[in-house]
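Novice: got a structure for you, letters missing:
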C-alpha cells in the first residue's frame, strides 16, 4: 500500500491583525459559577470504559483546535475572535473535550506568539505560548470542558516520523511532558497526555515501529518511557498512545494502526490510565484503496475492527479516535463519516473521539467553522450532533462501539468456567489455564481478567497476550488470532504463564471473561 504523505495544515501567511494600541480595559463583572463538568474530577479507565472520579461512565466527544504547534505559537483564529468566545461556541455545540496540539518548540524562549487581536483577547497581551496554554486550560475548566494535551510535533514546521529529532531529542520530549505534568498537577480540567502525534514509517525504510525492541524506533517502548515518567509526577493523568502506520506489512493511516498492541501492549506503572488512540480519514486526505472497494462502506467495520476496534471489542482499553475529518467534497466522504460515527456508537459507552478540526484552515479537511471563523459548517455538525454529549450530559447507556456485526444489540453475557492447574516449587510456579464456554453462543474475542491474592509477578506467558502492570495484582490475558473464538460448549486450552512469588501462593477466585464472572474448576 502506498504510504500516506499529506500536509495536515494549509500554512499560508495569515493577516497580522495586531492591534498596536491597547484598548482601555473595562472592569469585568463577576464570573458566573462554573458549569457542570463533562465528568467530575480526573478520569480513569476500567476495561474499555472511561470513568470519572465518581466511577460514572464518561466519554470524550471533542474537537481539535490547532495552532500552538505552529509558528504562530497560539491557537489559530485569534486574529478574528476572542478565545473565550470560540470556546463558548464549542461548548454550545456540545463538544466536551478540547484536544490541544502543541510543539516542543513552543516552550523555547524565542518562540513568540503572534497574529493575535489583543482588543479581542486583552488578557493574552505579552504572554508566552505556555502562558496562553494556561489561559485556554483555565477557561476550559471554568466552562466545564476537559483538555487533552497533544504533543503534535517536535518543531513548529512539520510532523515527524519519530517522537524525536536531532534538535529535539527524546530527553527533551520527556522533560517537556514532566514539566507539563507538574504545571497542571491537581487541575482537573487537564485529563491527560497524548504523547506524540502520528508516529509512522518512512518510505524506503526507517521511522517508527511497534514491538521490535529497538530503543530508537520502537514507539511502544518509547511510549512506556514517557508515560511512566509522567505518571511518576502526576498519577492522575490518562496516557494516550497512538498507533503507527504499518505493522507486519499491513499499512494504514499515520497513527492509525494499533494491531501491534495485541501482541505488544503498552505497560504502564499505574493501572487504569492507558488509552489507545487511532486516526482515521476520508478521501480528501488520501485515496486509500478501501474507498474504491466495491463493498464500500460495508468493508469499513472489518477494517476498523482489525486496526483498532478489537481493543474495545476485547475490553482491553478505551480507544480515542483522536483525529478524523473531511471536506465532504467527495460523496463517499459523507458515507464514510456516517459509517464511522455509527461504528463508534452513541452515549457514554461509545468510542471516544475528537474531531479534526475546529479550524477552517486545515488544508485537506477544513473544519467545523467556515472560513469566516464564526459560522458553523452545518453539514458536518449535523452528522456529529447525535453523538455529542456536551459538558452537562449525564451518563447514558447508548451503544458500545464496534461489534463484529452491524447490529447495535449488545452481546449476551458470557457464561464460562476457568480451570487453573499450577506447578509450584516454592518461589515460583507455572500455571496452565483454560476457558470453557458454558453458554449457548460463541465468544468472539475474549479478555480473561483476575487479581492475584499475593505478590505474584508474571515473567512470561503463552497462548494469550498476558499483561500485569508493575506493582499491580491485576492481570489480563487477551486472545491471540488463532483462539479468539470459543464456540458454545468448547474450551480454549494450551495457555498459561510462569511467575515468581514470596510467601503464599493462593489461587485467584475472581475470574472474569469480557466482564462476566466465571466459575472455577
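Specialist: Cool, the structure landed. All values reported here derive from a predicted model rather than from experimental measurement.
Novice: please make it C-alpha for all contacts and neighbour counts, starting now.
Specialist: OK.
Novice: which ones are touching the residue nearest to residue 376 when sequence neighbours are not counted?
Specialist: In this structure, residue 376 finds its nearest non-sequential neighbour in residue 369, 4.6 Å apart by Cα to Cα, 6 or more residues apart in numbering. By Cα atoms under 8 Å, 6 or more residues apart in numbering, the contact set of residue 369 is 358, 359, 360, 375, 376, 377.
Novice: name the residues that touch the helix or strand of the chain with the lowest mean pLDDT?
Specialist: When the helices and strands of the chain are compared on mean pLDDT, DSSP states H and E, strand 465-467 comes out lowest with a mean of 76. Strand 465-467 has contacts (Cα under 8 Å, 6+ apart) with 262-265, 267, 460, 475-480, 497.
Novice: counting by contacts, list what the next helix-or-strand element following that strand packs against.
Specialist: Counting by DSSP states H and E, the next helix or strand C-terminal to strand 465-467 is strand 474-478. Where contact means 3 or more Cα pairs under 8 Å, 6 or more residues apart in numbering; DSSP states H and E, strand 474-478 is packed against strand 447-451, strand 465-467.
Novice: now the longest one: how far from the chain's centre is it?
Specialist: Pointing back at strand 447-451 there. Centre-to-centre, strand 447-451 and its host chain are 23 Å apart (Cα atoms, centre = their mean, to the nearest Å).
Novice: the closest residue in space to residue 46 that isn't next to it in sequence: what's it in contact with?
Specialist: Nearest residue to residue 46, sequence neighbours excluded (Cα to Cα, 6+ apart): residue 272, at 6.1 Å. Contacts for residue 272 (Cα under 8 Å, 6+ apart) come out as 44, 45, 46, 47.
Novice: in strands only, show me these.
Specialist: Members of the contacts of residue 272 lying in strands (criterion: DSSP state E): 44, 45, 46.
Novice: which parts of the least confident helix or strand of the chain are buried?
Specialist: 465, 466, 467 (16 or more other Cα atoms under 10 Å).
Novice: dump these into a markdown table; add distance to residue 158 as well.
Specialist: Output for the buried residues of strand 465-467, formatted as a markdown table (distance: Cα to Cα, whole Å):
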| residue | distance to residue 158 |
| --- | --- |
| 465 | 36 |
| 466 | 37 |
| 467 | 35 |
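Novice: what segments of the stretch 51-200 of the chain are strands?
Specialist: Secondary structure of the stretch 51-200 of the chain (DSSP state E, counting those that start in this stretch): strands at 57-58, 61-64, 97-103, 146-153, 190-194.
Novice: again, but for the stretch 401-521 of the chain
Specialist: 416-424, 428-437, 443-444, 447-451, 457-462, 465-467, 474-478, 485-486, 491-500, 512-513, 516-517, 519-520.
Novice: deepest of those strands, which one?
Specialist: Highest mean neighbour count among the strands of the stretch 401-521 of the chain (mean count of other Cα atoms under 10 Å): strand 512-513, with a mean of 24.
Novice: helices or strands next to it in the packing?
Specialist: strand 447-451.
Novice: now the strand it packs on against strand 428-437, angle please.
Specialist: Counting by axes from the mean of the first three to the mean of the last three Cα atoms, to 10 degrees, strand 447-451 lies at 130 degrees to strand 428-437.
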